[in-house]
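In: Only the shape, not the letters, is given here:
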């Protein structure tokens with residue numbers, strides 16, 4: 001695709017001064033015949049993306065639509081979870097239009113807010129560094145996750161408060177109280193106050209990662225970029241999982257492959273096919289190369305992968321907020337070994353690893 005055509009049209013039709021164009025002018029731009037030619041040739045399923053573009057554009061035009069805007073952006077963020085581009089397997093004018101639309105919004109976010117929309121942030125940064133032609137101002141993006149918020153401690157009652165309470169009890173105690181007090185037996189049966197459980201720490205112990213083996217794999221009937229795998233995890237029957245790996249791994253290299261699976265995600269439908277987990281892979285910075293995180297050959301099917309510095313029980317169902325927060329610290333190190341915050345992912349047979357990717361994000 002000749003992206004210069006798009007940026008030339010943008011410059012001519014919109015007053016660009018380093019900031020994003022208005023949404024109404026962007027909507028006119030997409031109707032341009034030259035821009036239409038830059039749309040993907042295979043348009044199966046494109047209606048969903050165009051509808052999302054319209055809905056996000058509408059919310060940007062009215063300040064009263066703040067809640068609806070956040071909902072649409074969270075939807076777009078989820079859609080980009082396993083994607084490099086907005087639609088299809090290569091850059092199209094849709095990427096550039098979404099980029100121009102979201103430029104002003106992204107430039108106003110702080111690090112914590114960008115962290116919430118981590119998939120949009122990753123995609124946006126990839127587009128601006130590779131395809132923006134510097135027509136719009138470069139948005140500096142810090143790729144280091146923000147530190148966790150400090151725990152709020154409940155203030156303890158002071159000695160003077162305790163004294164006041166004691167004084168109140170003394171002044172209100174009379175001889176008639178004995179008549180209204182319950183028997184001593186009942187007082188002894190009064191249950192002790194229950195202590196509040198401390199919230200779980202947001203670390204890799206919340207993940208249920210297990211060793212698996214792909215026993216069957218086929219292309220998704222409704223999406224050319226997706227595989228549908230059946231993976232043996234030592235359970236009663238193999239799990240069905242949908243993965244966006246067609247571009248990166250040939251079908252003949254999928255069968256009998258030993259992989260790691262994040263098992264405690266909420267089951268979801270991807271293009272009308274149920275998926276019950278996620279195959280974990282490492283990718284390079286621009287997401288042009290993706291590789292499985294693999295267990296050692298002697299690791300047992302179904303065994304849990306752990307990090308020794310982060311012990312703990314995994315969540316029954318992993319929430320999206322925890323998934324996004326923890327995933328930012330899952331990376332391969334200089335030796336291609338999978339780590340969480342520098343601590344190696346371990347099995348009974350040793351650490352897990354990528355084939356060639358070093359310092360790559362794992363998702």
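Out: That came in fine, so what should we check first? Because the structure is a prediction, the values reported are computed rather than measured.
In: what about whichever helix or strand residue 4 is part of, distance to the chain center?
Out: Assessed by DSSP states H and E, residue 4 sits inside helix 3-13. Distance of helix 3-13 from its chain centroid, counting by CA atoms, centre = their mean, to the nearest Å, is 32 Å.
In: Where does the residue nearest to residue 360 when sequence neighbours are not counted sit: helix, strand or coil?
Out: The shortest distance from residue 360 to any non-neighbouring residue, by CB to CB, 6 or more residues apart in numbering, is to residue 282 (3.9 Å). Every residue, glycine included, has its C-beta placed from N, CA and C. In three-state terms, and counting by DSSP: H, G, I helix; E, B strand; the rest coil, residue 282 is strand.
In: The host helix or strand of residue 215: which residues count as buried?
Out: Assigned by DSSP H and E, residue 215 falls within strand 209-219. By 16 or more other CB atoms under 10 Å, the buried positions in strand 209-219 come out as 209, 210, 211, 212, 213, 214, 217.
In: one step back: got the contact list for the residue nearest to residue 360?
Out: Residue 282 makes contact with 290, 291, 293, 331, 332, 338, 354, 357, 360, 361, 362, according to CB atoms under 8 Å, 6 or more residues apart in numbering.
In: Tell me if the second one really is in a strand.
Out: Yes: assignment of residue 291 by three-state DSSP places it within a strand.
In: distance between the ends of stretch 58-74?
Out: End-to-end distance of stretch 58-74 (CA to CA, to the nearest Å): 15 Å.
In: And the helices in this structure, which stretches?
Out: Assigned by DSSP state H, the helices in the chain fall at 3-13, 23-29, 33-37, 46-60, 66-79, 93-108, 111-116, 118-130, 159-172, 177-180, 184-188, 320-327.
In: Out of those, the one nearest residue 277 is which?
Out: Residue 277 sits nearest to helix 320-327 of all the helices of the chain, at 11.9 Å, using CB to CB.
In: packing partners for the closest one?
Out: Contact here means 3 or more CB pairs under 8 Å, 6 or more residues apart in numbering; DSSP states H and E; on that basis helix 320-327 packs against helix 111-116.
In: Need the per-residue pLDDT for the most centrally placed residue in the chain.
Out: By CA atoms, centre = their mean, the mean C-alpha position of the chain lies nearest to residue 324, the distance being 3.6 Å. Predicted confidence (pLDDT) for residue 324: 91.
In: How about residue 29?
Out: On pLDDT, residue 29 comes in at 67.
In: So for residue 5, what's the pLDDT?
Out: Here, the pLDDT recorded for residue 5 equals 73.
In: From residue 72, how far off is it?
Out: 28 Å (CB to CB, to the nearest Å).
In: and if you look at residue 239?
Out: Using CB to CB, residue 239 is found at 31 Å from residue 72.
In: Break the protein into its domains for me.
Out: 3-130, 204-362 (automatic domain parsing).
In: possible to save these as a markdown table with distance to residue 142?
Out: A markdown table is the format used below for these (distance: least, CB to CB, whole Å):
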| stretch | distance to residue 142 |
| --- | --- |
| domain 3-130 | 5 |
| domain 204-362 | 12 |
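In: For those, which has the smallest mean pLDDT value?
Out: Of all the domains of the chain, mean pLDDT reaches its minimum on domain 3-130 (a mean of 77).
In: measure it end to end?
Out: End-to-end distance of domain 3-130 (CA to CA): 11 Å.
In: What is the burial count for the residue nearest to residue 89 when sequence neighbours are not counted?
Out: Nearest residue to residue 89, sequence neighbours excluded (CB to CB, 6+ apart): residue 247, at 5.2 Å. Neighbourhood size, residue 247 [other CB atoms under 10 Å]: 14.
In: measure residue 349 to residue 76 for me?
Out: As defined by CB to CB, residue 349 lies at a distance of 40 Å from residue 76.
In: So for the two, which sits in the more crowded spot?
Out: Counted by other CB under 10 Å, residue 349 and residue 76 do not tie: residue 76 has more neighbours, with 21 against 14.
In: now that one: how far from residue 85?
Out: 13 Å.
In: Next: residue 288.
Out: 11 Å.
In: The two: who's more crowded?
Out: Comparing residue 288 with residue 85 by other CB under 10 Å, the one with more neighbours is residue 85, at 19 against 12.
In: if I pick that one, what's in contact with it?
Out: Shown in contact with residue 85 (CB under 8 Å, 6+ apart): 91, 92, 94, 95, 123.
In: ok, now which ones touch the second one?
Out: If a contact means CB under 8 Å, 6+ apart, then residue 92 has 1, 38, 39, 40, 85, 86 as its contacts.
In: Just read off the phi/psi values of the fifth one.
Out: Dihedral angles of residue 85 (phi, psi; degrees, to the nearest 10) stand at phi -120, psi 160.
In: do residue 314 as well
Out: phi -80, psi 160.
In: I figured it hits residue 210, correct?
Out: No: the criterion here is CB atoms under 8 Å, and residue 314 misses it with residue 210 at 9.8 Å.
In: Can you pull the residues that touch both of those two?
Out: In contact with both residue 314 and residue 210: residue 304, using CB under 8 Å, 6+ apart.
In: what's the offset of stretch 124-138 from the middle of its chain?
Out: Worked out by CA atoms, centre = their mean, stretch 124-138 lies 22 Å from the chain centre.
In: Having no further points to raise, I will conclude here.
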